[in-house]
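[1] sequence? don't have it. structure:
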C-alpha cells in the first residue's frame, strides 16, 4: 500500500514538474512588437485550418503568429501607412456610408488609408498638404469663422490659412522678385527695433520686407547699377571688403573686386575709337589685355589676329567732311577729332566751330556741281 501511495505521489510530482517547466518556457517566449493584421471573415473559407505556429517565437524575422480565422500561421505584423486621413466637415458627417468597409490601412489599395467617413470607415486617399506657405495675417483682420479645416477643402492651389481670427482659403504666399539691400553691421542699430512687416505680401508695390539691422520694414529691393566692373589683377587692391553691393557706392560707382577685396569704383567704359583691322596670325598669340581700361592713354585693347594687345587707334575715320555754306552751323567746339563722334560720324568744321557730322559719300560720275565732290 505504501508503495502504491509513493508511486502515485511521484507521478503527481513529475506531472507538476512538467507543467511548471512548460509554463516557464512559455513565459520565456517574448511576444514580438507589432499587431497582427485583422482577419477578414470574407476570406475564411480559403484559409487552411492548420496550426502552423503557437507563438511569435516560432516565426522568422519580425513575423508574428497570427490567427487565420481557422488556425494560426506566421504573418508580417500590421503596419500603418504613412500620411493622415482627411478631416470630415461636421456639415458633411452623414455623407459617408454607415458601414465598416475597412478596419486597417493594410486592407486598402496603394497608399490609401482606412479613414472615418463621418459614420463608418472606408478606404480614402490620404490628406496631402498643398505646397507653399500661408500669407501672414494681422490679428483679427479676417472673419471669425472656420471656412476650412485643411488645404483639401480649398480650390486649385489655395491653402487653408489663418486670417487672424478664423480660417479661410487663400492663395499661397509668393515672395516678390529682387533681393533685400544688405545692412552693414556697424549700422545694425540704426533701424527701428520693430517688426513693421513679416512677408513681402505686407508691402506695397514691389517693396520687400527686409531687415533693417534690428527689425523688419518695407523697402525697395536692391538693384544692381548698370555697367561692368573693370578687370582687376589679383592681389593689387586692399584686402578688405569696403562694400558688398552697388547700392553702397555713390553716384554711378559699382562695388567691384580689386583682386583681394571689394571697393567702389567707376564702371568700365569702352574708349572711343575703332580697332584697326588685323591679319590673322600677325600678332603674338597671347592676351595682353581684356578691356580698354587696361591700356594707357587712349589706346584700346584690340585683336592682333591671334591674341589681344593695347593698340593706338586712328583718330581719323574714313570719309570726307561735307562742304558747308558760310555761316552754317553752331559756333561751338562740340568735338576735337573723329573719335569724339558716334558711329561713322566725323568731327567737321562749321566755319564757326566743330561738330559731329555724317561723312560725305563720294559717288563717282555723279558729281554735277563744281566744288562739291
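    Thanks, I have it. Keep in mind it's a predicted model, so treat the numbers as computed, not measured.

[2] quick one: low-confidence ranges for the chain?
    1-29, 39-48, 89-95, 138-141, 184-191, 232-237, 278-282, 326-329, 362-373 (pLDDT under 70).

[3] mind listing the strands for the stretch 1-150 of the chain?
    Per DSSP state E, counting those that start in this stretch, the stretch 1-150 of the chain carries strands over the ranges 64-67, 72-75, 113-116, 121-124.

[4] looking at those strands, spot the one closest to residue 258.
    When the strands of the stretch 1-150 of the chain are compared by Cβ to Cβ, strand 113-116 sits nearest residue 258, at 61.6 Å. Placement of C-beta: from N, CA and C, glycine included.

[5] now do the buried residues in the closest one.
    For strand 113-116, burial by neighbour count (16 or more other Cβ atoms under 10 Å) applies to 113-115.

[6] looking at these, spot the one nearest residue 50.
    Here the nearest of the buried residues of strand 113-116 to residue 50, counting by Cβ to Cβ, is residue 114; it sits at 28.5 Å.

[7] quick one, domains of this structure?
    Domain ranges of the chain: 90-124, 185-219, 224-268, 270-314, 316-373, per automatic domain parsing.

[8] can I get the ones you listed in TSV including distance to residue 51?
    Shown next, in TSV, are the domains of the chain (distance: least, Cβ to Cβ, whole Å):
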stretch	distance to residue 51
domain 90-124	23
domain 185-219	64
domain 224-268	77
domain 270-314	87
domain 316-373	100
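
[9] and of the ones you listed, who's closest to residue 79?
    Ranking the domains of the chain by distance to residue 79, with Cβ to Cβ as the measure, places domain 90-124 first at 7.2 Å.

[10] give the buried residues for that closest one.
    Going by neighbour count (16+ other Cβ under 10 Å), the buried part of domain 90-124 is 96, 102, 104-105, 107-108, 112-115, 117-118, 121-124.

[11] same question for stretch 284-293.
    Neighbour count says stretch 284-293 has 289, 291-293 buried, by 16+ other Cβ under 10 Å.

[12] residue 211 and residue 243: what is the separation?
    18 Å (Cβ to Cβ, to the nearest Å).

[13] mind listing what the residue nearest to the spatial centre of the chain touches?
    Central residue of the chain (Cα atoms, centre = their mean): residue 175, 10.6 Å from the mean position. If a contact means Cβ atoms under 8 Å, 6 or more residues apart in numbering, then residue 175 has 199-200 as its contacts.

[14] helix, strand or coil for it?
    coil (DSSP: H, G, I helix; E, B strand; the rest coil).

[15] so which of the domains of the chain is nearest residue 132?
    Closest to residue 132 of the domains of the chain is domain 185-219 (Cβ to Cβ; 12.0 Å).

[16] next, the buried residues of that closest one.
    Buried residues in domain 185-219, counted by 16+ other Cβ under 10 Å: 191, 197, 199-200, 202-203, 207-210, 212-213, 216-217, 219.

[17] and which of these is nearest residue 82?
    So of these, ranked by how close each gets to residue 82 (Cβ to Cβ), first place is residue 199, at 30.5 Å.

[18] the closest one is in contact with residue 176, isn't it?
    No - applying Cβ atoms under 8 Å, one finds residue 199 not in contact with residue 176, separated by 9.3 Å.

[19] tell me where this structure has helices.
    Secondary structure of the chain, counting by DSSP state H: helices at 2-28.

[20] what segments of the stretch 151-300 of the chain are strands?
    Secondary structure of the stretch 151-300 of the chain by DSSP E, counting those that start in this stretch: the strands cover 159-162, 167-170, 208-211, 216-219, 254-257, 262-265, 300-303.

[21] tabulate these (a markdown table), appending distance to residue 357.
    Listed next are those as a markdown table, based on distance: least, Cβ to Cβ, whole Å:
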| stretch | distance to residue 357 |
| --- | --- |
| strand 159-162 | 65 |
| strand 167-170 | 64 |
| strand 208-211 | 49 |
| strand 216-219 | 48 |
| strand 254-257 | 35 |
| strand 262-265 | 35 |
| strand 300-303 | 23 |
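
[22] wait, which of those strands is closest to residue 182?
    By Cβ to Cβ (comparing all of the strands of the stretch 151-300 of the chain), the closest turns out to be strand 208-211, at 9.2 Å.

[23] by contact count, what packs against that closest one?
    Under the contact criterion of 3 or more Cβ pairs under 8 Å, 6 or more residues apart in numbering; DSSP states H and E, strand 208-211 touches strand 216-219.

[24] beta partners of residue 72?
    Beta-bridge partners for residue 72, by DSSP bridges, are residue 51, residue 67.

[25] can you give me the neighbour number for it?
    21 (other Cβ atoms under 10 Å).

[26] out of the strands of the stretch 1-150 of the chain, nearest to residue 56?
    strand 64-67 (5.0 Å).

[27] check the offset of that closest one from the chain's centre.
    49 Å (Cα atoms, centre = their mean, to the nearest Å).
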